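A.B. asks: How does the following fold in three dimensions:
(one chain, ligands or ions: 1)
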Amino acid sequence: MTTPVSSELGQFIPLHYHYNMLNDRARMEGFRAALDYVVRPGAKVLELGGGTGVLSFFAARHAAKVWCVEKNPALAQEARRILDLNPHGDKIDVVLADAFDYLPPEPVDVVICEMIHVAMLREKQIPVIAAFKERYLQRFGPPLPVFVPEALVQAFQPIQHPFTFSGYFAPTILFQDPEATHDDTAPLSAPIVYQTLAYDETLPARCEWRGTLTFDRAGDFNALRFITKNVLAVLPDEGRTIDWFNQYLIVPLAQPITIGTDCQLPLAFSYRPGDPLEALRPVIGEA
Ligand SMILES: C[S@@+](CC[C@H](N)C(=O)[O-])C[C@H]1O[C@@H](n2cnc3c(N)ncnc32)[C@H](O)[C@@H]1O
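C.D. replies: As a prediction, this is how the structure comes out:
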C-alpha cells in the first residue's frame with residue numbers, strides 16, 4: 001500500500017512535534033533575529049506553513065499585517081488559539097489553505113517559509129517557493145518579496161561512525177544535534193558543498209553531486225553526514241548572516257570501505273527536494 005503524499009511525515013507534522021520546534025532554541029532565536037532585521041515597521045508579510053504561528057508572531061511585532069497559511073486544519077485552529085493568547089494576534093489572519101495554491105490578497109514585502117528538513121528531504125520548501133514565485137509574479141508582477149530564509153547551503157562529509165547503541169549494532173539513518181560535539185563520529189574529510197541557492201533566484205529541480213572523494217585521514221568510511229545551513233537573513237551592513245542549521249543527517253553506506261589518505265572514490269547521489277529520506281542513496285564507484 002502506498003502512503004498518500006498528504007499523510008507522509010514531513011507534509012503532515014503532528015501537533016505534538018511542534019513542541020520540539022518551539023523548544024529548539026537555535027531555530028527560534030535565529031528566526032526571531034532574522035525577522036527583527038527583515039520585517040520593517042508597517043510591512044505586509046505572508047507565512048507559508050504557519051504551524052503554531054510562532055514565526056507569524058515574530059513578524060507581527062513589526063508588521064502591519066500577516067497572513068499565516070496552514071493546510072492542517074487542527075494546526076490552523078491551534079495557531080489561532082495560541083496567537084490570540086499573545087500580543088499582535090489581531091494583525092494575523094490564519095488561513096486554512098494549501099501553500100501550493102494560496103496567494104495573499106495584495107503584494108507582500110516578506111515571505112516566511114519554514115518547511116525545511118535536513119538535506120531538503122521530506123518537506124516541500126523548494127517546490128512550494130518555486131510555485132509561489134510563479135503565481136505571485138503572474139498576479140502582482142515584480143519585485144518579489146524578501147524570503148526568510150533567504151538562501152541555503154548544503155554540504156556532505158564522509159565519516160566513520162560506530163552505529164552502536166548500548167552494544168546493539170544498527171547501521172541505520174540517524175540524526176545529530178548540530179550544536180553538540182560528537183566524539184564518536186570521525187570526519188574523514190572536510191565538508192563538501194554540493195548546493196547553494198538563493199530563494200529569489202531560479203530554484204533547482206534536484207539536489208545532487210557527482211565527483212571524486214579524497215580523504216584527509218585513513219579509516220573505515222561507512223557513512224555520509226549531510227549538513228544543511230539555512231541563511232535566514234543577510235546583514236550586509238554588518239558583514240554577517242543569521243544562520244540556522246538543521247539536525248545533521250547520517251546515511252550509512254551499503255558497504256563500509258577501508259580507505260587510506262591517498263584513496264580516491266567516485267561518488268554520486270541525486271534526489272528531488274521533498275523526496276522521502278530513502279531517496280538519498282549514495283552510489284559509490286559510478287561517478
Ligand atoms: C516545519 S513546520 C513549521 C511550522 C512553523 N512555521 C514554525 O516554524 O514553527 C511546517 C508547517 O508547514 C505545514 N505545511 C506543510 N505543507 C503545507 C502546505 N502545502 N500548505 C500549507 N501548510 C503546509 C505543516 O502542516 C507544518 O505546520
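A.B. asks: can we go C-alpha only for contacts and neighbour counts from here?
C.D. replies: Fine.
A.B. asks: Show me what the mean pLDDT comes to for stretch 165-180.
C.D. replies: Across stretch 165-180, the average pLDDT comes to 96.
A.B. asks: gap between the two ends of that stretch?
C.D. replies: From its first residue to its last, stretch 165-180 covers 18 Å (Cα to Cα, to the nearest Å).
A.B. asks: hmm, who's touching that stretch?
C.D. replies: Applying Cα atoms under 8 Å, 6 or more residues apart in numbering, the contact partners of stretch 165-180 are 162-164, 245-252.
A.B. asks: Can you flag the buried ones in those?
C.D. replies: 163, 245-252 (16 or more other Cα atoms under 10 Å).
A.B. asks: got CSV for the residues you listed, with secondary structure and distance to V148 too?
C.D. replies: Converted to CSV, the buried ones among the contacts of stretch 165-180 look like this (DSSP: H, G, I helix; E, B strand; the rest coil; distance: Cα to Cα, whole Å):
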residue, secondary structure, distance to V148
F163, coil, 35
F245, strand, 14
N246, coil, 15
Q247, coil, 19
Y248, strand, 21
L249, strand, 23
I250, strand, 26
V251, strand, 28
P252, strand, 32
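A.B. asks: quick one: contacts of the host helix or strand of H16?
C.D. replies: Per DSSP states H and E: H16 is located in helix 15-22. With Cα under 8 Å, 6+ apart as the test, helix 15-22 has contacts from 27-28, 51-52, 54, 74-75.
A.B. asks: Could you identify the most distant pair in the buried ones among the contacts of stretch 165-180?
C.D. replies: Spatial extent of these (Cα to Cα) is set by the pair F163 and F245 at 22.5 Å.
A.B. asks: sorry, back to before: just flag the most distant two among the contacts of helix 15-22.
C.D. replies: Across the contacts of helix 15-22, the longest distance by Cα to Cα is 23.0 Å; it joins R27 and A74.
A.B. asks: Who are the contact partners of G260?
C.D. replies: Contacts of G260 (Cα under 8 Å, 6+ apart): 215, 217-219.
A.B. asks: typo on my end, it should be P143
C.D. replies: Going by Cα under 8 Å, 6+ apart, P143 touches L137.
A.B. asks: Just confirm it is within a helix.
C.D. replies: No: assessed with DSSP: H, G, I helix; E, B strand; the rest coil, P143 is coil; it does not lie in a helix.
A.B. asks: where's it relative to the ligand, distance?
C.D. replies: Per Cα to the nearest ligand atom, to the nearest Å, P143 is found 23 Å from the ligand.
A.B. asks: ditto for E179
C.D. replies: In terms of Cα to the nearest ligand atom, E179 sits 19 Å off from the ligand.
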